[in-house]
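*Asks:* Any chance you can model this:
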Amino acid sequence: MKTIGVLFGMENSFPGALVEHINARNIDGIRAEFVETGAVRLDKPAKYAVIVDRISHDIPFYRAYLKHAALNGTVIINNPFWWSADDKFFNYTLAARLGVSVPPTVILPHKKHPEGTTERSMRNLEYPLNWEAVFAYVGEHGFMKPVNGGGWRDVYHIHNRLEFFQAYDQSRDLCMMYQKAVEFNEYFRCYVVGQKNVHIMPYDPRKPHHERYVQNPPGYDKKLLARVEKDALTLCRALGYDLNTVEFAVENGIPYAIDFMNPAPDADLSSVGQANFDWIVREVADLAIARCKSAPKAPGLRWSSFLGGTPVAGTVNKSAADNAPAKKSSSKKSTKPRVPKSTAPAS
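*Replies:* Got it, this is the predicted structure:
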């Protein structure tokens, strides 16, 4: 009997639904359960063929356990070696190398010295910083957010220099990024599962959390949706993520990748809605079962295959031709994001 384990924290709806969905299929030789572990022995592999990880980014003990399990053949969704190595600024750099549009972005030195360091630890740092160059590149309307972060923690919406420095003064010893704001007309959040299945969800980050997933979206240009899907797949395949959400803000027809380091993405029924919830439970179950059948398997490491190309001209933007808004069809046809008929929200 092969076992799929679900490792989770405070979330309630998704882990239980995933376990129930897998077990309800009654697949011979495969069952699912919640992960249980105590002190982890070096000489004892984990008992799970697959582990769906929803919490190790917050719990170092779990992250160390998952790396141990992966080295002993357990398939982890998502690969803990990739996830541990990532940060948001690296991801933006990678996106630019891959030809995905991202806004101008800079990383900023820590406002306060990290614990255990002093000003002598920063002798390679330019002083004073050239703030004029920062504002010339990014502008005065943007977002300041941690290089390593999530859940909208320590994120500041900046409208001018005064707000910039007020936010920077509150950033403690975090390493922060400052990114140009995209004046978007459309915004999409995309589930990507197994590096092949994309579920595009109209999303409005300006609304309260439980209202952000748009339930009755308008029609969208097919070429725009095709580009969003293509870019989402490009990013997840390069990052090695089998489960992720990728967010795009669309300005003048150009989808800018805003946030795509979400390997434990929101899948709570109360926030994503029933149709999106049903989709993600079903797709993650399919993925976990498929990986279970082929387990045990050594973790794959492959960044080098994606970083051998030539950097994109202009660092963060494609060529003018590539960034041009998608031309509308002469028939003026549009389409809604692809939602399976069986789970489509009521109109």
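
*Asks:* contacts and neighbour counts: CA atoms only from here.
*Replies:* Fine.

*Asks:* Endpoints of stretch 198-207, how far apart?
*Replies:* 23 Å (CA to CA, to the nearest Å).

*Asks:* what distance separates it from the centre of its chain?
*Replies:* 13 Å (CA atoms, centre = their mean, to the nearest Å).

*Asks:* how about that stretch: buried residues?
*Replies:* Val198, His199, Ile200, Met201, Pro202, Tyr203, Asp204 (16 or more other CA atoms under 10 Å).

*Asks:* for the chain, which helix is longest?
*Replies:* helix 274-294 (DSSP state H).

*Asks:* Run through the neighbouring helices and strands of that one.
*Replies:* strand 2-7, helix 13-24, strand 50-53, strand 75-77, strand 186-193 (3 or more CA pairs under 8 Å, 6 or more residues apart in numbering; DSSP states H and E).

*Asks:* got the angle for it vs strand 186-193?
*Replies:* 30 degrees (axes from the mean of the first three to the mean of the last three CA atoms, to 10 degrees).

*Asks:* Might you quantify the distance of helix 274-294 from its chain's geometric centre?
*Replies:* For helix 274-294 - counting by CA atoms, centre = their mean - the centre lies 17 Å from the chain centre.

*Asks:* returning to that earlier point: out of the helices and strands packed on helix 274-294, deepest packed?
*Replies:* strand 50-53 (a mean of 27; mean count of other CA atoms under 10 Å).

*Asks:* for the stretch 51-200 of the chain, what spans make up the strands?
*Replies:* 75-77, 105-108, 142-146, 156-158, 176-180, 186-193, 197-202 (DSSP state E, counting those that start in this stretch).

*Asks:* Run through the stretch 101-250 of the chain and note the low-pLDDT ranges.
*Replies:* 151 (pLDDT under 70).

*Asks:* if we go to 90?
*Replies:* By pLDDT under 90, the weakly predicted segments of the stretch 101-250 of the chain are 114, 118-120, 122-123, 127, 148-153, 206, 208-211, 215-217.

*Asks:* So Ile30 sits against Val19, correct?
*Replies:* No: with contacts counted by CA atoms under 8 Å, Ile30 stays clear of Val19, the gap being 11.3 Å.

*Asks:* Residue most distant from the centroid, this structure?
*Replies:* Distance from the centre of the chain peaks at Arg120, with 35.7 Å (CA atoms, centre = their mean).

*Asks:* quick one, phi/psi of Val182?
*Replies:* Torsion angles at Val182 (phi, psi; degrees, to the nearest 10) stand at phi -100, psi 120.

*Asks:* from what I can see it touches Asn252, true?
*Replies:* No: contact status for Val182 versus Asn252: not in contact, 9.9 Å apart, counting by CA under 8 Å.

*Asks:* Would you mind putting the helices and strands packed on helix 274-294 into JSON lines with distance to Asp268 alongside?
*Replies:* Listed next are these as JSON lines, based on distance: least, CA to CA, whole Å:
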{"stretch": "strand 2-7", "distance to Asp268": "15"}
{"stretch": "helix 13-24", "distance to Asp268": "6"}
{"stretch": "strand 50-53", "distance to Asp268": "15"}
{"stretch": "strand 75-77", "distance to Asp268": "18"}
{"stretch": "strand 186-193", "distance to Asp268": "13"}
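
*Asks:* Endpoint to endpoint, stretch 63-79 covers what distance?
*Replies:* Rule used - CA to CA; the end-to-end distance of stretch 63-79 is 10 Å.

*Asks:* and the residue nearest to Pro15 when sequence neighbours are not counted, what is it in contact with?
*Replies:* Once flanking residues are discounted, Pro15 sits nearest to Val6: 6.5 Å by CA to CA, 6 or more residues apart in numbering. Val6 is in contact with Pro15, Val19, Ala32, Glu33, Phe34, Val35, Ile51, Val52, Asp53, Arg54, counting by CA atoms under 8 Å, 6 or more residues apart in numbering.

*Asks:* I'd like the residues you listed written out as CSV, with pLDDT and distance to Lys44 added.
*Replies:* Formatted as CSV, these follow (pLDDT from 0 to 100; distance: CA to CA, whole Å):
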residue, pLDDT, distance to Lys44
Pro15, 98, 26
Val19, 98, 25
Ala32, 98, 21
Glu33, 98, 20
Phe34, 98, 19
Val35, 98, 16
Ile51, 98, 16
Val52, 98, 20
Asp53, 98, 20
Arg54, 97, 23
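
*Asks:* closest to Gln274 among the residues you listed?
*Replies:* Nearest to Gln274 out of the contacts of Val6 is Pro15 (CA to CA; 15.0 Å).

*Asks:* Tell me which residues of stretch 37-50 come out buried.
*Replies:* Pro45, Ala46, Lys47, Tyr48, Ala49, Val50.
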